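Asker: can you look at this prediction? I've put the sequence above it.
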Amino acid sequence: MSVGWNGTILTSTYGTTWTSRTSGTTNKLWGVTFGNGTFVTMGQSGTILNSSDGSSWDNRTSGTTETLYDVTYGNGLFVTVGFSGTTLTSSDGISWDNRTSGTLLVLIGVTYGNGTFVTVGQSGIILTSPDGTTWTSRTSGSGSDLYDVTYGNGLFVTVGKSGIIHTSSDGISWDNRTSGTSNLLSGVTYVNGTFVTVGDWGTILTSSDGTTWTKRTSGTSVDLFGVTHSQ
């Protein structure tokens, strides 16, 4: 499934043939996740949509007009984050509660792992929460914007502006890693024992441990914004 500008939603079974779905909105959609038998996508002006099958979508009341940039699912809970420190939670993707993040900075990425939600964003902000409700600010050691965060093999990895990479085993204490690039890194994921991050100018880096990173040849100089893998 892919989402994007003007309320675009595309679905595909195998990634070869794609079908456009009616979202019912013209707002930009920034992220999508799946959990508890439900797809959830969110974006501009507080837009939240959910679907049980990826084909028919319902518009839900988010209670905010702030843009939402990412959404994740973990421990029976959807968590979405966005502009002005906006943080919302939902157990079913239908009814949403506004939570206090304690910041007005933009929150751009969010993930769940090791019993902890972690969100990252503007000026190097990192927040953690055990339940999506109570959030605690952590020290990233950098003032650079962070654009994405993932969890794998017992490690959180966040990436961002100027090639910044931070890692943490618990989401609380973070270490700065040498990426070998000054290019902006905008997406990161974990698959088959390997972390993969992508960014500006076709940058692709991989790491088996989150500490040592290797530059890979992408074959393009186009900016890369996201990366994922099949389950």
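Answerer: Good, I have the coordinates.
Asker: if I pick the nearest residue to residue 143 once chain neighbours are set aside, what's in contact with it?
Answerer: Of all residues not flanking residue 143 in the chain, residue 124 sits nearest, at 5.0 Å (Cβ to Cβ, 6 or more residues apart in numbering). Bear in mind the C-beta positions are built from the backbone N, C-alpha and C, glycine included. Shown in contact with residue 124 (Cβ atoms under 8 Å, 6 or more residues apart in numbering): 140-146, 160, 164.
Asker: pipe the residues you listed into a markdown table and attach distance to residue 220 per row.
Answerer: Below are the contacts of residue 124 laid out as a markdown table (distance: Cβ to Cβ, whole Å):
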| residue | distance to residue 220 |
| --- | --- |
| 140 | 30 |
| 141 | 31 |
| 142 | 28 |
| 143 | 30 |
| 144 | 24 |
| 145 | 23 |
| 146 | 24 |
| 160 | 21 |
| 164 | 22 |
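Asker: most neighbours among those, which one is it?
Answerer: residue 160 (28 neighbours; other Cβ atoms under 10 Å).
Asker: separation between that one and residue 178?
Answerer: Note on residue 160: its distance to residue 178, by Cβ to Cβ, to the nearest Å, is 14 Å.
Asker: just residue 37 next, same as before
Answerer: From residue 37 across to residue 178, the span is 42 Å (Cβ to Cβ).
Asker: repeat for residue 128
Answerer: From residue 128 across to residue 178, the span is 24 Å (Cβ to Cβ).
Asker: more neighbours: the two, which one.
Answerer: Legend: neighbour count by other Cβ under 10 Å for residue 128 and residue 178, higher for residue 128 (18 against 10).
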